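Novice: here is a sequence together with a model predicted from it:
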Amino acid sequence: MDKWTSGADYDRWMGRWSYLLAQEFLQWLNLPAGLKWIDVCCGSGVITEAIVERCTPASVVGIDASSDQISFARQHRGRANVTFETGDAMALPFPVASFDVAVCGLGLNYIPNPVRALEEFCRVTRSGGTVAVYVWDYAQGTRFLREFWDAAIAIDSDAATFDQARRFPMCTPEGLRSLFEQAKLDDSTLHALDTVTRFTSFDDYWEPLLTGQGSAPNYLATRDQRTQAAIRERLRAALPANAQGTIALPARAWAIRAPRP
């Protein structure tokens, strides 16, 4: 149901919001400089870049299952202390205790076995290090996605099977805490990451949905032009634009962290 083959299109669709969330997430983590980081499900490298800019790391490894995303990240977000590699989050190609910090932003829910992935995050992180992830609050808090799915379901009942709130019940405080407990990551701390997604116009909202990258755009690409047009017009009527045409929608993600035992 999901397609991740273009770093440039991903950045158009989700990258700008990933960057905002990464800033909030890293501020909350508030970790010292000079650490070795791994960014799992790094995609186009947005969070990796934010770690370099904000945290003064000794090194960062970004890893993702998509070779196309990794190629884009290498080209656009390479640094002297940054390495991008293709790999499986459930079988990370690194020795035990290779890193001080393991993070995963907006990706854990797309891993087929998230508990197995968290166990791998633990394996490659030193004892006393930090394991931390964040995911969108698909059901309630991420309005730019919720508005899309509500409009799509009203037009096309099949859209409900693509809706991330339905597909990813783990993306709640209770769901995240349960996953961490199953991975033997005790003493976890939850935190809400709140931001505002601002669109300069309706087209600024709609056109990235045509990239085919990610859950909502991929769903839209599978619909015929008539269905797409009906969803577009329903959204145009529903979204709260101001007199200048700007659309501002609150967005929330849930973050969780725990020390590596």
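Specialist: Looks like it arrived, so ask away.
Novice: distance check, the residue lying closest to Gly43 once chain neighbours are set aside against Gly87.
Specialist: Spatial nearest neighbour of Gly43, excluding adjacent residues (CB to CB, 6 or more residues apart in numbering): Gln69 at 5.1 Å. To be clear about C-beta, it is placed using only N, CA and C from the backbone, and glycine gets the same treatment. Between Gln69 and Gly87 the computed distance is 12 Å (CB to CB, to the nearest Å).
Novice: who has more neighbours out of these two?
Specialist: Neighbour count, other CB atoms under 10 Å: between Gln69 and Gly87, Gln69 has more, with 24 against 16.
Novice: packing partners for the helix or strand hosting the more buried one?
Specialist: Secondary structure from DSSP states H and E places Gln69 in helix 67-77. If you count contacts as 3 or more CB pairs under 8 Å, 6 or more residues apart in numbering; DSSP states H and E, helix 67-77 packs onto helix 7-10, helix 46-55, strand 59-64, strand 82-86.
Novice: please identify the most buried of those.
Specialist: Across the helices and strands packed on helix 67-77, the average number of neighbours (mean count of other CB atoms under 10 Å) peaks for strand 59-64, which reaches a mean of 24.
Novice: that strand pairs with which strands, parallel or anti?
Specialist: Strand 59-64 has its sheet partners listed here by DSSP bridges as strand 36-40 (parallel), strand 82-86 (parallel).
Novice: ok, which of the ones you listed comes nearest Leu108?
Specialist: strand 36-40 (8.3 Å; CB to CB).
Novice: between the closest one and helix 46-55, how many degrees?
Specialist: Put simply, strand 36-40 runs at 160 degrees to helix 46-55, going by axes from the mean of the first three to the mean of the last three CA atoms, to 10 degrees.
Novice: residues making contact with strand 36-40?
Specialist: Strand 36-40 is contacted from outside by 47-48, 51, 55, 57-64, 89, 92, 94, 98-105, 107, 117, 121, 124-125, using CB atoms under 8 Å, 6 or more residues apart in numbering.
Novice: measure how buried Trp149 is and give me the count.
Specialist: For Trp149, using other CB under 10 Å, the count is 23.
Novice: ok, and the closest non-adjacent residue to it?
Specialist: Of all residues not flanking Trp149 in the chain, Asp163 sits nearest, at 4.5 Å (CB to CB, 6+ apart).
Novice: distance check, the one you found against Thr142.
Specialist: Asp163 is 12 Å from Thr142, by CB to CB.
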